[in-house]
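J.: got a sequence here, can you model it:
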Amino acid sequence: MAAALYTAFVYNRAREEYALTFVVEFPQETPFRYETVIYADNLESAKASDEAFSDIDTEHMAADEDISILRMGGETESPAYMITAAGRYFSDRTQATKFLRAVVEHAVAGVQSSGHSSGGIARQLPAFLWPGLHGRVRICAGRAAEPSAARVMYRQNVVSVIDNGASPVLAAFAGFAIGFLLAGFIFCAADYPKVRRGKSAQGSAGPARPGDGVDNN
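T.: Predicted coordinates for the structure are as follows:
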């Protein structure tokens, strides 16, 4: 029973990882360092964005490298990215989905706000010549229409659950050890009242006196 409980509530959760696949479309060609998505400061920003993330230990998630991101696609192709995080940091798949999406969207917003992308800011166009009244020439400058914001598209609505391939031998050994200790504790607890009653009876009888139990006849 102990082994089963351990496997169900501890070991299985340690084996689980949550994965989210996405692509990003910027309004114009924009340098995007996807590695920064899982940097500690971005994880902290995502955590601070919603009170529901307050119990997520982003410090250890980053320090222990329990979150990673993978670029998929060739150098000339529009890439997709897969972000993966250890399941033990989340209460369930719903929380994991919301948090990982927040991580991605904060990183993309940071790229736009840093000036790498125009992201809603009008751009000054090169000056051009335009004939004016009385043969005069005016030098005019144009302003481009504000481009739309970057768009993030997700492959799945809920994060995928994957197995990290941890060895089941450890789970079996740990389950056996826990079962052995639990059985020993139960045995001692069940036997304790009997031992206590025996000691109490021995104490109430008092020490044996000389001649007790001897037939003088």
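J.: which residue ranges of this structure form helices?
T.: For the chain, helices defined by DSSP state H occupy the ranges 2-6, 12-15, 40-48, 58-63, 93-113, 168-205.
J.: where among those is the average confidence lowest?
T.: The stretch with the lowest average pLDDT out of the helices of the chain is helix 2-6, scoring a mean of 48.
J.: domain-wise, how is the protein divided?
T.: Structurally, the chain divides into domains by automatic domain parsing as follows: 15-121+148-166, 167-204.
J.: please identify the most buried of the ones you listed.
T.: Here the criterion is mean neighbour count by mean count of other C-beta atoms under 10 Å, and of those the winner is domain 15-121+148-166, at a mean of 16. No exception for glycine: its C-beta is placed from N, CA and C like everyone else's.
J.: once you drop chain neighbours, what's closest to T97?
T.: Across the structure, with C-beta to C-beta, 6 or more residues apart in numbering as the measure, the residue nearest T97 apart from its sequence neighbours is V159 (4.7 Å).
J.: was I right to think E59 contacts A40?
T.: Yes: contact between E59 and A40 holds when scored by C-beta atoms under 8 Å: they sit 7.2 Å apart.
J.: report the contact partners of Y154.
T.: With contact taken as C-beta atoms under 8 Å, 6 or more residues apart in numbering, Y154 is in contact with L20, T21, F22, R101.
J.: quick one: residues contacting the first one.
T.: Counting by C-beta under 8 Å, 6+ apart, L20 touches M82, I83, T84, T97, L100, R101, V104, Y154, R155, Q156, V159, S160.
J.: that one and K47, how far apart?
T.: If you measure L20 against K47 using C-beta to C-beta, to the nearest Å, the figure is 16 Å.
J.: the residue nearest to T97 is in contact with A19, isn't it?
T.: Yes: under the criterion of C-beta under 8 Å, V159 is in contact with A19, at a separation of 6.1 Å.
J.: sheet-wise, list the partners of the longest strand seen in the chain with their directions.
T.: Of all the elements of type strand in the chain, the one with the most residues (DSSP state E) is strand 16-25. Looking at strand 16-25 with DSSP bridges, its paired strands and their directions are strand 80-86 (antiparallel), strand 151-154 (antiparallel), strand 160-163 (antiparallel).
J.: so for T36, which of the ones you listed sits nearest?
T.: Checking those against T36 by C-beta to C-beta gives strand 80-86 as the closest, at 11.7 Å.
J.: what's the angle from the closest one to helix 40-48?
T.: For strand 80-86 against helix 40-48, the angle between stretch directions is 70 degrees (axes from the mean of the first three to the mean of the last three C-alpha atoms, to 10 degrees).
J.: who touches strand 80-86?
T.: Taking C-beta under 8 Å, 6+ apart as the criterion, the residues outside strand 80-86 that touch it are 14, 16-24, 34, 37-38, 61, 66-73, 96, 99-100, 103-104, 155, 162, 164.
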